[in-house]
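my questions are about this predicted structure, shown below with the sequence.
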Amino acid sequence: MMFVGITVAFVFIILAMLMGGGLGAFFDAVSFLIVIGGTVGATIAKYNFKDIGKGFKTATLAAKGRKDVTDLNELVNITEELLKKTRKEGLISIEGQSSGNDFYDDGLAYMLAAPDAKSLERYLSDQIQNVINQAQRGKAVLDSMADAAPAFGMIGTVIGLILMLGNLEDASAIGPSLAVALLTTLYGAIVANAAFIPMAEKIASWQAVTVHEREMIAICLMYIKNGESPMIMREAVKPYLTHDFYQLPETS
């Protein structure tokens, strides 16, 4: 939905421009170069190409739906069944079992190979931290671009005003200079608010949802590893089931 929203924003902006007299009046190559070139240059100065690429990749990942199981209640029900089975037949009895959730299944596989509960806990904690690190780094890149675009828009405005004031005796130069002054601010505001800020916030939302889900799964897996009671497991994960917001969209 993120890319749909961004597309809708740009479509309506373009429609408004067309209704206002055509796109020609709203295009200026100098303004475009100042804002886009400046934003890209400043971002490259702060981050390497790998980080920038990962930032956009993370935003794309956050915007995509999920094909695996994300319903937390369903995962708890699966955990209860696995707990009942392992308490009767041992951990080896669930080898090859699948929950339909990628993180859960990876954790199950590691759990069977882990020598003890502490190793499993460390593995799960590291996987959750990896998500946090990925999201924070990606959001930082897009936040930086969201800050840089309006800033270079203002720089372009100052450049345009200086050009205009320096050519007041030449009436033909006032219009182009004023266009630079106004359009750079417009370009900076559009790309920041219609693209970079929504992408950064989408990453933040994805981080919250994913970490919430994985923390609950980690609890479930630890209870399986330790052979705890299904009833105690349900009490432990109950706080994670009270927020319907923490549900990732699924793809059809």
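Cool, got the structure. Computed from a predicted model, the values in this text were never measured in an experiment.

only C-alpha atoms for contact and neighbour calcs from this point on.
OK.

so in the protein, where's the weakest helix or strand by average pLDDT?
When each helix and strand of the chain is scored by mean pLDDT, DSSP states H and E, helix 171-191 comes last, with a mean of 86.

which residues touch it?
Helix 171-191 is contacted from outside by 26-28, 30-32, 34-35, 146, 149-154, 156-161, 163-164, 167-168, using C-alpha atoms under 8 Å, 6 or more residues apart in numbering.

of those residues, keep whichever come out buried.
26, 30-32, 34-35, 146, 149-154, 156-161, 163-164 (16 or more other C-alpha atoms under 10 Å).

in helices, which of the residues you listed appear?
30-32, 146, 149-154, 156-161, 163-164 (DSSP state H).

how far away from the center of its chain is the helix or strand Asp51 falls within?
Using DSSP states H and E, Asp51 falls within helix 49-63. Relative to the chain's own centre, helix 49-63 is displaced by 8 Å; criterion: C-alpha atoms, centre = their mean, to the nearest Å.

now the helix or strand that comes right after that helix: buried residues?
Per DSSP H and E, the first helix or strand lying C-terminal to helix 49-63 is helix 72-89. Within helix 72-89, the residues that count as buried by 16+ other C-alpha under 10 Å are Leu72, Leu75, Val76, Thr79, Glu80, Leu82, Leu83, Lys84, Lys85, Thr86, Arg87.

which one of these sits closest to Arg234?
Closest to Arg234 out of those is Val76 (7.3 Å), distances taken as C-alpha to C-alpha.

got the contact list for that closest one?
Cys220, Arg234.

ok, now how distant is the residue nearest the centre of the chain from Val69?
Nearest to the geometric centre of the chain sits Ile203, at 1.8 Å (C-alpha atoms, centre = their mean). In this view, Ile203 and Val69 are 20 Å apart by C-alpha to C-alpha, to the nearest Å.

same deal with Lys46?
38 Å.

got the CA coordinates for stretch 10-23 in CSV?
Listed next in CSV are the C-alpha coordinates belonging to stretch 10-23 (Å, rounded to 0.1, in the frame of the first residue of the first chain):
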residue,chain,number,x,y,z
PHE,A,10,2.0,12.2,-7.2
VAL,A,11,-1.0,11.6,-9.5
PHE,A,12,-3.1,14.2,-7.7
ILE,A,13,-0.2,16.7,-7.6
ILE,A,14,0.3,16.3,-11.4
LEU,A,15,-3.5,16.6,-12.0
ALA,A,16,-3.5,19.8,-10.1
MET,A,17,-0.6,21.1,-12.2
LEU,A,18,-2.4,20.2,-15.4
MET,A,19,-5.6,21.9,-14.3
GLY,A,20,-3.5,24.9,-13.3
GLY,A,21,-2.2,25.5,-16.8
GLY,A,22,0.0,22.5,-17.8
LEU,A,23,3.1,20.8,-16.6
